[in-house]
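**Student:** Need coordinates for the following:
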Amino acid sequence: MREDSPTHMIIEDATDSDLPAIVEIYNHAIATSTAVFSDQLVTIERQRRWMEARRAGGNPVIVARLDGAVVGFASYGEFRPWPGYRLTVEQSVYVLDGARRRGVGRGLVGELLERARQAGKHAVVAGVDADNDASLRMHEQLGFEQVGRLPEVARKFGRWLDLVLLQRTL
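**Tutor:** So this is what the prediction gives:
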């Protein structure tokens with residue numbers, strides 16, 4: 001096994017007991033990066049409602065565990081609310097800071113792609129900060145193509161951010 005490969009990684013549906021780890025990973029991304037275009041930290045209760053809404057819509061919320069500990073989570077949901085978009089979903093993935101570059105994000109997105117395929121979806125979209133080279137590279141390696149760039153659509157840390165849209169047709 002490669003040194004940067006995860007050992008004993010399990011990807012499975014998230015449970016309520018995973019919420020503290022999910023909140024920790026997400027809040028770290030909010031506080032320290034432009035992976036989330038928000039500066040408002042979330043609570044366990046807010047993430048519980050988010051997870052319940054995803055599940056109610058038939059959309060997965062999954063976690064990656066390395067040696068039993070949650071090191072990442074991912075989900076997909078409705079791309080846009082109109083019926084014509086019902087076969088397109090937007091995915092998001094977040095990995096614990098210390099577990100990056102070990103295949104966790106790739107494993108999570110790969111599982112989402114398979115679940116989307118099984119659910120009869122046609123396209124998966126990802127929105128990534130234009131400066132997030134690692135995420136852009138990972139998505140492209142998984143077959144996503146850059147299909148658009150929205151310049152200066154968000155502001156965080158005192159600067160304007162560009163959003164790159166990527167798409168993979170299943």
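**Student:** List the neighbouring strands of the helix or strand hosting residue 76 plus their orientation.
**Tutor:** Per DSSP states H and E, residue 76 falls inside strand 69-78. Using DSSP bridges, strand 69-78 pairs in its sheet with strand 61-66 (antiparallel), strand 88-95 (antiparallel).
**Student:** Tell me which of those strands lies nearest to residue 28.
**Tutor:** Closest approach to residue 28 among the strands paired with strand 69-78 (CB to CB): strand 88-95, 8.6 Å. In short, each C-beta sits where N, CA and C put it, glycine included.
**Student:** Give the rounded mean pLDDT of the closest one.
**Tutor:** Averaging pLDDT along strand 88-95 gives 98.
**Student:** Next: stretch 52-70.
**Tutor:** On average, the pLDDT along stretch 52-70 is 96.
**Student:** Now do the end-to-end distance for that stretch.
**Tutor:** Stretch 52-70 has its terminal residues 19 Å apart, counting by CA to CA, to the nearest Å.
**Student:** Just send the strands paired with strand 69-78 back as JSON lines, with mean neighbour count and distance to residue 142 too.
**Tutor:** Formatted as JSON lines, those follow (neighbours: other CB atoms under 10 Å; distance: least, CB to CB, whole Å):
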{"stretch": "strand 61-66", "mean neighbour count": "21", "distance to residue 142": "15"}
{"stretch": "strand 88-95", "mean neighbour count": "22", "distance to residue 142": "10"}
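**Student:** Could I get the contacting residues of the nearest residue to residue 162 once chain neighbours are set aside?
**Tutor:** Ranked by CB to CB, 6 or more residues apart in numbering and with sequence neighbours excluded, the top spatial neighbour of residue 162 is residue 130, at 3.8 Å. The contact partners of residue 130, taken as CB atoms under 8 Å, 6 or more residues apart in numbering, are 136, 149, 161, 162, 163, 164.
**Student:** Any quick PyMOL command for the buried ones out of these?
**Tutor:** Entered in PyMOL, the line below selects the buried ones among those, by 16 or more other CB atoms under 10 Å:
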select buried, resi 136+161+163+164
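**Student:** For whatever helix or strand residue 106 lives in, buried residues please.
**Tutor:** For residue 106, the element it lies in under DSSP H and E is helix 104-118. By neighbour count on 16+ other CB under 10 Å, the buried set for helix 104-118 is 104, 105, 106, 107, 108, 109, 111, 112, 113, 115, 116.
**Student:** Please convert the strands paired with strand 69-78 to TSV, extending it with distance to residue 38.
**Tutor:** Below are these laid out as TSV (distance: least, CB to CB, whole Å):
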stretch	distance to residue 38
strand 61-66	18
strand 88-95	12
